[in-house]
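*Asks:* pasting the structure only:
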């Protein structure tokens, strides 16, 4: 897998083209495709948590609320979780958060991007209604791209239908 | 911008010249008058595939080229024609490994009576041109009628030698089925690997048969739903670069990418218009997702839908006048059609379950979709006005169809339950020829480009 030189990827977002290669490799047929080993600095989504986030996670009921299949309404359990988050954010006015919306794998990819956005915004709107300034909250949807539980069963899907609050500073 | 071309070789037709033994077979129009003769039925042909013989293509003189020696190339070219035709499910091929070698002089003078085990015969030749290029001749014969059905030649740069074989197979397929060509085409898709919870995704491009594979992005950001321009000069896709999920466009000739939709709101699900000038996409504003259109050059997007709900998956009809899309405005995902300006929105799907990812056939008559329900994702087609629904697959997780250039085959991605590891598959409109497409790692979100010029 690592045969290909890392020079091929060099941090460029796009490293090759199709159709108009001016410097076509002299040896053909082409080399078997291998996976470039990119010098990956890590997914930004996984490094977004700020210094305060560990404290936030310790001091609130949960950083995650869950949803029913194809739903985005905030139920009573989610309300109590978000209430604790709102209280913490009120006590820490310097904290800014991002809300990540996620969906389970039983929706199609593009639809789930919309559904994750709905869930993130539902949680954001609840926090705003509890007095947290909306300017402190950003949202991002990951659709079904970042499941937490890896099974293809009801228990896993229930865990994956979620909105996660992350303190980013 | 394309530095290599497939030129239809129109060589002098000097068949009876003095150097008959070594003169390249003439390239011109086939003598066949297109009436009668062999016909392959794309609907019923699977049950009785046409036996077709494909011996190795001889060379006028063995020569070393950047693509290999011409005699080796002759075997490989015949094998590609064999693979292309066999994979349609419509042909029972007898390839270069199972047929006798033919002489160069035999290419355009088939020994009709000497062949058995086939109804059709493909012969061809390969020749190194003095200028570094290759000429490949491609002939199809009806063995029973003893007639020539196809006579074509292609001049290619050595790096494009596989394309000549695909063009040859396309000519044969087109002549025998009456359908348009599709073998000389490319696929862009998402190559993916890694644990289910953190898949590493890269845009990749390859030939229709999986050859000439290469990665276009390095995997640092989540990338989704690449789609090839109808002019093949750009790829539009969605990227999480900078934690701002939005649509990017990659210019094939400039080899540069840029963010196409610059908005704080998430935007995704891009699709080119048939003329390649505009891109449909979806944008989510405060939890509500609508469909917009933006020029490839950028500028202000124009909003096309405004119903509460998730409107996404917009795909143009081939004439560019209408758009099919999915919306959950009525409660669950269903398919709707509207005019290109957003007017006259009408629901067209009424079966059970949910309908998603609609794509309009390049022939205009059908819309392919993902139907979910009963715990499964399946690929199906319906008439462009709704009705006539037919499901083509029955696995656990099939999603995201894309049409072959001739509208006969659909490619999609399939994951087994619990695996989180999709692969690319294709199925034709009869639904009986499902086939896995070879990729170096896992694959999803295929987009089938047009036939190459």
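*Replies:* That came through fine. For clarity, every value in this text was computed on a predicted model and none was experimentally measured.

*Asks:* domains in chain B, by residue range?
*Replies:* By the record's domain assignment, chain B is partitioned as B:7-177, B:186-448 (automatic domain parsing).

*Asks:* which SS class is the residue positioned nearest the centre of chain A?
*Replies:* Centroid check for chain A by C-alpha atoms, centre = their mean gives residue A:142 as the closest residue, at 4.6 Å. Under the three-state scheme (DSSP: H, G, I helix; E, B strand; the rest coil), the conformation of residue A:142 reads as strand.

*Asks:* mean neighbour count and mean pLDDT added to the domains of chain B, as JSON lines?
*Replies:* For every residue, glycine as well, the C-beta is placed using N, CA and C. What follows is the domains of chain B, written out as JSON lines (neighbours: other C-beta atoms under 10 Å in any protein chain shown; pLDDT from 0 to 100):
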{"stretch": "domain B:7-177", "mean neighbour count": "19", "mean pLDDT": "85"}
{"stretch": "domain B:186-448", "mean neighbour count": "20", "mean pLDDT": "96"}
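
*Asks:* save those as JSON lines, and put in distance to residue A:129 too.
*Replies:* Below are the domains of chain B laid out as JSON lines (distance: least, C-beta to C-beta, whole Å):
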{"stretch": "domain B:7-177", "distance to residue A:129": "58"}
{"stretch": "domain B:186-448", "distance to residue A:129": "14"}
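
*Asks:* is stretch B:375-385 in proximity to chain A?
*Replies:* Yes. Counting by C-beta under 8 Å from any C-beta of the partner chain, chain A has neighbours in stretch B:375-385: residue B:377.

*Asks:* wait, I meant stretch B:180-193
*Replies:* Yes. Using C-beta under 8 Å from any C-beta as the criterion, contacts between stretch B:180-193 and chain A involve B:186, B:193.

*Asks:* the closest residue in space to residue B:288 that isn't next to it in sequence sits in which helix or strand?
*Replies:* Of all residues beyond its chain neighbours, the one nearest residue B:288 is residue B:308 (6.1 Å), with distances taken as C-beta to C-beta, 6 or more residues apart in numbering or on different chains. Under the criterion DSSP states H and E, no helix or strand holds residue B:308.

*Asks:* pretty sure residue B:308 is touching residue B:329, no?
*Replies:* Yes. Checked against C-beta atoms under 8 Å, the pair residue B:308 and residue B:329 is within contact range at 6.5 Å.

*Asks:* if we can go back for a sec, isn't the residue nearest to the centre of chain A up against residue A:98?
*Replies:* No. Between residue A:142 and residue A:98 there is no contact, the gap being 11.3 Å when judged by C-beta under 8 Å.

*Asks:* who wins for proximity to residue A:59 among the domains of chain B?
*Replies:* Of all these, domain B:186-448 sits nearest to residue A:59, with 25.1 Å by C-beta to C-beta.

*Asks:* ok now that closest one, how far from the chain's centre?
*Replies:* Distance of domain B:186-448 from its chain centroid, counting by C-alpha atoms, centre = their mean, to the nearest Å, is 14 Å.

*Asks:* now the end-to-end length of it.
*Replies:* Here the two ends of domain B:186-448 are set 6 Å apart, with distance taken as C-alpha to C-alpha, to the nearest Å.
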